[in-house]
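K.L.:
no sequence on this one, just coordinates:
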């Protein structure tokens with residue numbers, strides 16, 4: 001199985017056979033008082049991407065980062081910024097996040113009645129488009145969008161807060177999406193976000209995921225533990 005080789009800001013999404021999954025630590029679990037240093041630390045510790053959860057207090061019941069903060073964080077890592085928009089009307093912010101340095105921009109279809117057009121606009125702005133599926137959103141919502149996306153993000157918790165437990169029935173959705181991706185023949189990253197731990201990572205990857213978002217599992221022990229925690233998510237995992 002191939003996944004995108006995401007290495008550095010100049011990444012070209014060239015398919016590359018991997019012996020381990022991509023790891024995208026979510027800075028939602030980082031120390032907000034020193035986010036720049038936290039991003040540099042997870043970069044050095046072996047992160048493949050930096051996952052940035054953008055929440056607006058409307059589509060989800062929480063507030064986090066906006067494009068101006070992302071722009072300030074961008075110099076702290078050359079790794080791809082994997083930006084997840086949990087916001088209403090995401091189309092209005094495409095160019096702001098492109099200018100801020102986002103590499104992947106993921107939207108929720110429920111938040112945008114014209115998701116197809118918005119995905120095309122994300123690509124036109126120079127970013128890779130992604131779609132996120134909430135736990136209750138079925139895989140078949142993507143039947144007419146697979147040609148427009150480079151990443152599918154399966155939410156294995158209800159979005160809006162960190163530290164939640166993995167919802168087991170999302171494994172069925174991951175398997176369903178893997179079948180759809182394979183049938184399409186496109187090299188789409190299948191990413192999972194929510195309650196990911198070294199203990200459940202094997203079943204998530206066996207179901208067909210190629211990228212893991214982890215917040216608490218990476219950041220729980222402070223900077224001295226980041227490298228070991230990232231290695232633990234990868235340990236003995238093959239895709």
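P.N.:
On my side now, so go ahead. Predicted model only: the values in this text are computed from it and were never measured.
K.L.:
Mind jotting down where the strands sit in the chain?
P.N.:
Here the chain has its strands, by DSSP state E, at 2-4, 15-17, 22-25, 50-55, 81-86, 104-107, 128-133, 151-155, 189-193, 211-214.
K.L.:
Now the ones you listed in JSON lines, please, with extra columns for mean neighbour count and mean pLDDT.
P.N.:
All C-beta spots, glycine's among them, are computed from the backbone N, C-alpha and C. Compiled in JSON lines, the strands of the chain are given as follows (neighbours: other C-beta atoms under 10 Å; pLDDT from 0 to 100):
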{"stretch": "strand 2-4", "mean neighbour count": "20", "mean pLDDT": "36"}
{"stretch": "strand 15-17", "mean neighbour count": "11", "mean pLDDT": "37"}
{"stretch": "strand 22-25", "mean neighbour count": "28", "mean pLDDT": "98"}
{"stretch": "strand 50-55", "mean neighbour count": "26", "mean pLDDT": "97"}
{"stretch": "strand 81-86", "mean neighbour count": "27", "mean pLDDT": "98"}
{"stretch": "strand 104-107", "mean neighbour count": "28", "mean pLDDT": "98"}
{"stretch": "strand 128-133", "mean neighbour count": "23", "mean pLDDT": "98"}
{"stretch": "strand 151-155", "mean neighbour count": "26", "mean pLDDT": "98"}
{"stretch": "strand 189-193", "mean neighbour count": "27", "mean pLDDT": "97"}
{"stretch": "strand 211-214", "mean neighbour count": "28", "mean pLDDT": "97"}
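K.L.:
Just put those in JSON lines and tack on distance to residue 63.
P.N.:
Below are the strands of the chain laid out as JSON lines (distance: least, C-beta to C-beta, whole Å):
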{"stretch": "strand 2-4", "distance to residue 63": "30"}
{"stretch": "strand 15-17", "distance to residue 63": "37"}
{"stretch": "strand 22-25", "distance to residue 63": "20"}
{"stretch": "strand 50-55", "distance to residue 63": "6"}
{"stretch": "strand 81-86", "distance to residue 63": "10"}
{"stretch": "strand 104-107", "distance to residue 63": "18"}
{"stretch": "strand 128-133", "distance to residue 63": "18"}
{"stretch": "strand 151-155", "distance to residue 63": "18"}
{"stretch": "strand 189-193", "distance to residue 63": "18"}
{"stretch": "strand 211-214", "distance to residue 63": "19"}
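K.L.:
who wins for proximity to residue 178 among these?
P.N.:
Proximity to residue 178 (C-beta to C-beta) singles out strand 189-193 among the strands of the chain, at 6.2 Å.
K.L.:
which other helices and strands contact the closest one?
P.N.:
Identification of packing neighbours for strand 189-193 by 3 or more C-beta pairs under 8 Å, 6 or more residues apart in numbering; DSSP states H and E yields strand 22-25, strand 128-133, strand 151-155, helix 170-184, strand 211-214.
K.L.:
between those, which gets nearest to residue 54?
P.N.:
Nearest to residue 54, of all the helices and strands packed on strand 189-193, is strand 128-133, at 11.3 Å by C-beta to C-beta.
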